[in-house]
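J.: no FASTA, just this:
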């Protein structure tokens, strides 16, 4: 369980660092006072891409944890890279479909991944909300 906790914390730190530098700093600086629909669309797309990369980091963590013997996954077929990524996306955004689930200490990684994903998605929502509700310099 200690190894799963440490792996979880490494992933929390890595995703938070990535998120802070790209979503919390770069996107607002790039947006500035530009509220045109195309600019907003590109910014939101960039934010979604960052979330997909963060989920990919968790997929690598699930693979590494499985390879280290921390647990496995219950599903009918064997786990391939796309299965780890799919499970990571479903967990990261707290959708939790339940068609596969981890066993052993990997359950901790799934729980921490869901908390981390929810928190970072909430931070992204606040960035978009702040941009959408910040008046442009020409408005009253």
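T.: Received it, and whenever you're ready, just let me know what you need. Not measured: the values here are computed from a predicted model.

J.: What residues of the top helix by length along the chain count as buried?
T.: Secondary structure of the chain per DSSP state H: the longest helix is helix 37-67. Across helix 37-67, burial judged by 16 or more other C-beta atoms under 10 Å covers 43-44, 46-47, 50-51, 54-59, 61-66. The C-beta positions use only the backbone N, C-alpha and C, and glycine is treated the same way.

J.: Name the next helix or strand downstream of that helix, please.
T.: strand 73-74 (DSSP states H and E).

J.: Mind listing residues that contact the helix or strand following that following strand?
T.: Next along the chain after strand 73-74, taking DSSP H and E as the criterion, comes helix 81-92. With contacts defined as C-beta atoms under 8 Å, 6 or more residues apart in numbering, helix 81-92 is touched by 51-52, 54-56, 58-63, 66, 73, 75, 77, 95-97, 100, 102, 110, 113-114, 116-117.

J.: what sits up against the helix or strand of the chain with the lowest mean pLDDT?
T.: Ranked by mean pLDDT, DSSP states H and E, the weakest helix or strand in the chain is helix 27-31, scoring a mean of 84. Defining contact as C-beta under 8 Å, 6+ apart, one finds that helix 27-31 is touched by 39-40, 43, 46-47, 127, 130-131.
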